[in-house]
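[1] The sequence isn't on hand, but the structure is:
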């Protein structure tokens with residue numbers, strides 16, 4: 001089993017590698033991530049259909065981690081997990097500008113991935129399932145995500161990404177596949193069962209609801225393109241940043257790596273002093289005092305002579 005310190009170091013190094021990856025490759029992996037999380041969100045909606053409250057949330061929670069596991073094992077990128085780039089930034093492995101640019105690319109890629117899966121789900125007429133009742137359920141889900149106020153979405157998102165980023169730590173602690181699966185499953189089960197705000201999953205819910213309203217002529221009282229951004233993406237992104245990036249990433253960095261940075265600085269200073277002393281010993285400079293004494297003696301001999 002890996003120690004928490006080693007996991008934190010690995011996350012810092014992984015952040016540096018993510019940032020230095022070519023932009024096109026990062027975008028492709030982000031589309032991949034958005035597509036599979038959207039797919040797992042769609043599957044969780046289907047599996048939770050027509051069940052008693054409580055059981056519905058339970059089965060949605062059981063299914064939703066599938067997409068997260070595929071993305072984690074397949075190398076996809078999600079904006080929720082990329083909040084941990086803060087660990088790399090505080091470890092001085094990347095700059096703030098590099099981190100912000102990476103977040104922008106991943107967020108755009110996730111949006112495109114969710115857009116693709118929403119279009120495929122709606123226009124393949126998958127919502128015709130259960131006598132078109134699935135279509136109504138998707139509309140209800142989208143309205144819920146846009147119907148809450150900014151503060152509620154923000155707080156839910158804090159809890160959601162707190163669980164999600166803890167899941168990354170749990171997955172990396174274990175060295176076997178079953179440990180990885182369990183580490184990713186438990187926190188993401190909690191996210192969906194509690195109905196919390198996950199930035200990427202919420203993109204799918206709202207996008208699918210908007211396209212359904214076009215295709216099926218259903219009412220979307222709370223959903224539109226403007227609300228998708230200012231009532232869903234923006235507050236949920238900020239909440240995910242606090243919950244995953246700061247409450248998990250920055251705190252774990254402070255506990256396990258902050259003193260390492262100070263030790264490195266002290267080591268650099270000690271090495272500089274040692275090198276300077278070694279250089280002086282290997283290349284001794286003329287002694288000014290001896291030079292002055294020799295000058296005085298030569299002057300004395302000259303006068304006596």
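    That came in fine, so what should we check first? Quick caveat: nothing in here was measured; it's all calculated off a predicted structure.

[2] is it true that residue 187 touches residue 167?
    Yes: here residue 187 reaches residue 167: they are 3.5 Å apart, a contact under C-beta atoms under 8 Å. Where you see a C-beta, it was placed from the backbone N, CA and C, and this is true even at glycine.

[3] In terms of neighbours, single out the busier of these two.
    Set residue 187 next to residue 167 and count neighbours by other C-beta atoms under 10 Å: residue 167 wins out with 30 against 22.

[4] Could you measure from that one over to residue 47?
    20 Å (C-beta to C-beta, to the nearest Å).

[5] Ok, residue 133 next?
    In terms of C-beta to C-beta, residue 133 sits 14 Å off from residue 47.

[6] Of the two, give the one with the bigger neighbour count.
    Looking at residue 133 and residue 47 with other C-beta under 10 Å, you find the greater number of neighbours at residue 47, namely 16 against 13.

[7] dump the residue contacts of residue 67.
    36, 37, 38, 39, 40, 41, 43 (C-beta atoms under 8 Å, 6 or more residues apart in numbering).

[8] Kindly apply the preceding question to residue 123 instead.
    Contacts for residue 123 were tallied using C-beta under 8 Å, 6+ apart; they are 211, 215.

[9] mind running it again at 7 Å?
    Listed by C-beta atoms under 7 Å, 6 or more residues apart in numbering, the contact partners of residue 123 are residue 215.

[10] any low-confidence regions in the stretch 201-305 of the chain?
    259-305 (pLDDT under 70).

[11] Can you list the buried residues in stretch 40-58?
    40, 41, 42, 44, 45, 46, 47, 48, 56, 57, 58 (16 or more other C-beta atoms under 10 Å).

[12] can I assume residue 163 is in contact with residue 189?
    No: checked against C-beta atoms under 7 Å, the pair residue 163 and residue 189 is beyond contact range at 9.0 Å.

[13] and the residue lying closest to residue 113 once chain neighbours are set aside, what does it touch?
    Spatial nearest neighbour of residue 113, excluding adjacent residues (C-beta to C-beta, 6 or more residues apart in numbering): residue 34 at 2.4 Å. Neighbour list for residue 34: 109, 110, 111, 112, 113, 114, 200 [criterion: C-beta under 7 Å, 6+ apart].

[14] next SSE after the top helix by length along the chain?
    With DSSP state H applied, the helix covering the greatest number of residues in the chain is identified as helix 96-123. Per DSSP states H and E, helix 96-123 leads on to helix 133-147 as the next helix or strand towards the C-terminus.
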